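Novice: Predicted model follows, preceded by the sequence.
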Amino acid sequence: MPQIIIHVDMDAFYASVEMRDDPTLRGKPLIIGSLPSERGVVATCSYEARPFGVHSGMNIKDAYRLCPGGIYMHPNFEKYRAVSRQLHAIWDTYASASETIALDEAYLDVTEQAVDWEGARRIARLIKERTLEELKLTCSVGLAYSKTAAKTASEEKKPDGYFEILSPEEYVRLIQDRDVKVLYTVGGSTAEKLYGIGIRTVRDVQQRQEDVIRLLGKQGRWITQVALGIDERRVEPYRPEEAKSIGRELTFQKDVDNYELLRDVLFLLALNVENRAKRVGLRGRGVTLKLTYANMKSITRSRSPAACGGAVSIWREAASLLDKVEKRPVRLIGVSLYNLTDTEEQQLRLEGFDTEDARTREAEQKRMLAALGERYHLDFEGNLEKLFHMETLHRTAEYMRKHF
């Protein structure tokens, strides 16, 4: 049975939520991300900021150079997550399967509910109407026969748009003279490789399929299929147990060359990783440390203990890896778990044996939190839940950097 897929994408989500909640921000160039005096990037910006050349992912200092009169704000992720849950609750009503791509974006399989294209149009209209009426926010909706086409359709009429692509032929006609970056999985580096052999448009890909495959291998085969409008991927609901890793990282506002401080920050990151893993019922059998040095060179180091799910054990492994790296000023630090399994499955595999007794782990965690409290004069244990919020975690790490 042919698929009927809707792709929903909110318009400048973070900025739109802030403007909804503070009407004085409306109509102004609003940039959400780091502040101009800080390190970091633009998370998103209002449509009023875009004519200045500001865009997501841009270095915040470049954004300020282009738009010095803009309003700059830190993101409020807890607020955005709460709104996201409301959004997805609306959207999921109309789908037999929903694939969440981000807080503000999802693919919906509406094949059964819609029955035909006219039914799908009604669903698309209802999604837009309810999103606006119930949450006072606008979204752009793409209706299509495939995921790739639906994503392309939702971008055609932004903001507050609707567009449909009902067949591969319509899709090909729409994109064939556009840059190759319009094709799913073709990012900047892949595009540069294609440019290097004279392939710049989708039409070029269609006409030189063997060259693309010879250059890019398996990815090249996929790109040639998409260029012809072929995409048979299904809408797949997110399954936490299929995640490859769970991690947390942060960027310091000034480079850090004190590795004792880095060990302390690693423990806060380990607590966050444990919390995130627990929420989805996962444990890991591998730990990865990530560092980005002041010269922007990034390294990762990994090791695979028998079992590693608690914050203390995650920290021990990561700190051991940190001890062995070259000691240079650090800009970013992160830790993650990999080789994930669900908790029950791992306990069965270990036949009930855990390398660290639960009470021992809890006592060690309390001891480490108390030691951090004495060192930095902060109540880490009493505010542990707050440290799971990214903004609080960043503020705390910066305080620690300044007061070590």
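Specialist: Nice, thanks for sending it over. Residues are numbered from 1 along each chain as shown.

Novice: need the helix or strand of the chain with the lowest average pLDDT.
Specialist: For the chain, using mean pLDDT, DSSP states H and E, the weakest element among its helices and strands is helix 343-349, scoring a mean of 43.

Novice: Next secondary structure after that helix?
Specialist: Using DSSP states H and E, the helix or strand that directly follows helix 343-349 along the chain is helix 358-376.

Novice: contacting residues around that next one?
Specialist: By Cβ atoms under 8 Å, 6 or more residues apart in numbering, the residues outside helix 358-376 that reach it are 264, 267, 271, 310-313, 315, 378-381, 384, 399-400, 403-404. C-betas here are computed from N, CA, C, even on glycine.

Novice: Now with 10 Å, please.
Specialist: Residues from elsewhere that reach helix 358-376 (Cβ atoms under 10 Å, 6 or more residues apart in numbering): 260-261, 264-265, 267-268, 270-271, 274, 309-313, 315-316, 354-357, 378-384, 387, 396, 399-400, 402-404.

Novice: Tell me the buried residues in whichever helix or strand comes after it?
Specialist: Per DSSP H and E, the first helix or strand lying C-terminal to helix 358-376 is helix 390-403. Within helix 390-403, the residues scored as buried using 16 or more other Cβ atoms under 10 Å are 390, 393, 394, 396, 397, 400, 401.

Novice: Can you mark which positions in stretch 189-203 are buried?
Specialist: 190, 191, 193, 194, 199, 201, 202, 203.

Novice: Also stretch 29-49?
Specialist: 29-34, 36, 38-40, 42-46, 48-49.

Novice: Just to be sure, which of those are found in strands?
Specialist: Counting by DSSP state E, the buried residues of stretch 29-49 place 30, 31, 32, 33, 42, 43, 44, 45 in strands.

Novice: burial of the closest residue to residue 25 other than its chain neighbours, as a residue count?
Specialist: Distances taken as Cβ to Cβ, 6 or more residues apart in numbering put residue 19 closest to residue 25, at 4.6 Å, once the chain neighbours are dropped. A count of nearby residues for residue 19, using other Cβ atoms under 10 Å, gives 20.

Novice: For residue 19, report the pLDDT, please.
Specialist: The model reports residue 19 with a pLDDT of 97.

Novice: Quick check, it in contact with residue 26.
Specialist: Yes. In this structure, residue 19 is within contact of residue 26 by Cβ atoms under 10 Å, at 4.9 Å.

Novice: what is in contact with these two at once?
Specialist: 46, 48.

Novice: which stretches of the protein aren't confidently modelled?
Specialist: Along the chain, the parts satisfying pLDDT under 70 run over 1, 239-243, 306-307, 309, 342-358.

Novice: Quick one: the helices in the stretch 51-200 of the chain, in order.
Specialist: Secondary structure of the stretch 51-200 of the chain (DSSP state H, counting those that start in this stretch): helices at 60-66, 77-92, 111-114, 117-135, 147-154, 168-175, 188-196.

Novice: ok, how many other residues are close to residue 136?
Specialist: When neighbours are defined as other Cβ under 10 Å, residue 136 has 12 of them.

Novice: Quick check: closest non-adjacent residue to it.
Specialist: Spatial nearest neighbour of residue 136, chain neighbours left out: residue 20 (5.1 Å); criterion: Cβ to Cβ, 6+ apart.

Novice: can I assume that neighbour sits in a strand?
Specialist: No. Counting by DSSP: H, G, I helix; E, B strand; the rest coil, residue 20 falls outside a strand, being helix.

Novice: ok, it to residue 131 distance?
Specialist: 12 Å (Cβ to Cβ, to the nearest Å).

Novice: same deal with residue 326?
Specialist: 50 Å.

Novice: Compare those two and say which one has the larger neighbour count.
Specialist: Between residue 326 and residue 131, residue 131 has the larger neighbour count (other Cβ under 10 Å), namely 21 against 8.
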